[in-house]
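show me how the following folds:
(one chain, ligands or ions: 1)
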Amino acid sequence: MNFIEWIEIPNLGDHRGSLVVFESNKNIPFDIKRLYYILDAKPVVPRGFHAHRELNQIAFCIKGKCKMLMDNGVEKQEVWIEQSNKGLLIPPLIWHEMHDFSDDCIMLVLASDYYDESDYIRKYDEFTEFINRPFIHPLSDVKSKKIGQKTKIWQFSVIFQNAVIGENCNICAHTLIENDVQIGNNVTIKSGVYIWDGIVLEDNVFIGPCVVFTNDKKPRSKQYPDKFPKTIIEKGASIGANATILPGIRIGENAIVGAGAVVTKDVPANAIVIGNPANIKEFISND
Ligand code: T46
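Predicted coordinates:
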């Protein structure tokens, strides 16, 4: 993926010399609140080595050239900044390093905000941690701090304090996750699903929309069991929309529960079960 963006400004020069004009919110896509320049930089002394949290910048070499390494945390790209009217956009959350300044290099940088050291991320491991931090939608209510990197939690999800959620999960809008719940990595939970105490979802599990989990075999209002039975959905299993899973069930690795099935007993690994009560229709073949 190419994440390099150039801002090219017409050169209004004539026989008298070059003339390049920057105008906020016209040919420069932000309010220019600050500009600075770097000159007399040494070819063997690199600079930068940071990312900004929110700042947008455009760097021009109005004389000479320098090599900029840009890194979005997944990929690195190197470009030469070498035309006085062609600036490199340095957006937020791009790690950047300047190398190989030519002796005559003058770098002019236009910045969208005043200098603020707290906007800098100057350690590479902090940068990768920051860009991979979980996304928690502002309209959700998330009390747990145990949420893995790259996990996304969408609108109107309610997550209790002791729930544990792994990395790279997608917890869709309108879900609820109670305290005694463990969710592995790469798990998808579609909308309309409530994960009650005692439920474990292992890595790569898919829970379809409106799947119903239960955790009390003989529910009575205001009467609580001492302990909720464990329901375990093993690695790679998928549960189709609107299925119901009775308490204390184990669904084996890679099994598939058909949409609307009512699962009343354990499902073996690789089985496909359908119906009410759910029965094995076939097994997933390995090829
Ligand atoms: C960037 C690249 C392209 C200030 O006090 N005010 C300022 O406006 C700036 C730019 C810097 N400073 C201070 C902060 C440091 O104590 O000047 C010192 C040197 O700055 P720094 O080490 O960040 O310089 P570079 O060349 O590594 O990075 C600069 C910009 O700081 C940075 O925002 O993206 O150029």
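
can you give me the helices in the stretch 51-200 of the chain?
Listed in chain order, the helices of the stretch 51-200 of the chain (DSSP state H, counting those that start in this stretch) span 124-131.

which residues does Pro43 contact?
Pro43 makes contacts with Asp100, Phe101, Ser102, Asp103, as judged by Cβ atoms under 8 Å, 6 or more residues apart in numbering. C-betas here are computed from N, CA, C, even on glycine.

check the gap between it and Asp104 for me.
Noted for Pro43: a distance of 11 Å to Asp104, by Cβ to Cβ, to the nearest Å.

how about the residues of the protein near the ligand?
For the chain, the contact set with the ligand under Cβ under 6 Å from any ligand atom comprises Arg34, Tyr36, Ile38, Arg47, Gly48, Gln57, Ala59, Ile90, Val109, Tyr115.

by neighbours, which of the contacts of Pro43 wins?
Phe101 (24 neighbours; other Cβ atoms under 10 Å).

now the nearest residue to that one once chain neighbours are set aside: phi and psi?
Once flanking residues are discounted, Phe101 sits nearest to Ala41: 3.9 Å by Cβ to Cβ, 6 or more residues apart in numbering. Main-chain dihedrals, Ala41, degrees, to the nearest 10: phi -70, psi 150.

what about Ala41, distance to Gly64?
9 Å.

centre of the chain to stretch 75-87, how far?
For stretch 75-87, the separation from the chain centroid amounts to 27 Å (computed by Cα atoms, centre = their mean, to the nearest Å).

number of residues surrounding the residue nearest to Leu139 when sequence neighbours are not counted?
In this structure, Leu139 finds its nearest non-sequential neighbour in Gln155, 4.2 Å apart by Cβ to Cβ, 6+ apart. Burial of Gln155 is recorded as 13 neighbouring residues (other Cβ under 10 Å).

what residues are up against Gln155?
Applying Cβ under 8 Å, 6+ apart, the residues contacting Gln155 are His137, Leu139, Ser140, Ala173, His174.

likewise for Gln149?
So Gln149 contacts Glu129, Asn132, Arg133, Pro134, Glu167, Asn168 (Cβ under 8 Å, 6+ apart).

recalculate using a threshold of 7 Å.
Asn132, Arg133, Pro134, Glu167 (Cβ atoms under 7 Å, 6 or more residues apart in numbering).

could you give the bridge partners of the residue nearest to Lys146 when sequence neighbours are not counted?
Among residues not flanking Lys146 along the chain, Val164 sits closest, at 4.5 Å (Cβ to Cβ, 6+ apart). Beta bridges link Val164 to Gln182, judged by DSSP bridges.

and Val164, how far is that from Trp80?
47 Å.

so these two - more neighbours on which side?
A count of neighbours by other Cβ under 10 Å puts Val164 above the other of Val164 and Trp80, at 17 against 13.

quick one: the more buried one from the ligand, how far?
Distance of Val164 to the ligand, computed by Cβ to the nearest ligand atom, to the nearest Å: 38 Å.

start and end of stretch 24-31, how far apart?
5 Å (Cα to Cα, to the nearest Å).

check contacts around Thr264.
Applying Cβ under 7 Å, 6+ apart, the residues near Thr264 are Leu246, Pro277, Ala278.

and the pLDDT for the residue nearest to the last one when sequence neighbours are not counted?
If you skip the residues right next to it in sequence, Ala278 has Ala261 as its closest partner in space, 4.1 Å away by Cβ to Cβ, 6+ apart. Taken from the predicted model, the pLDDT recorded for Ala261 is 98.

right, I'll call it a day here.
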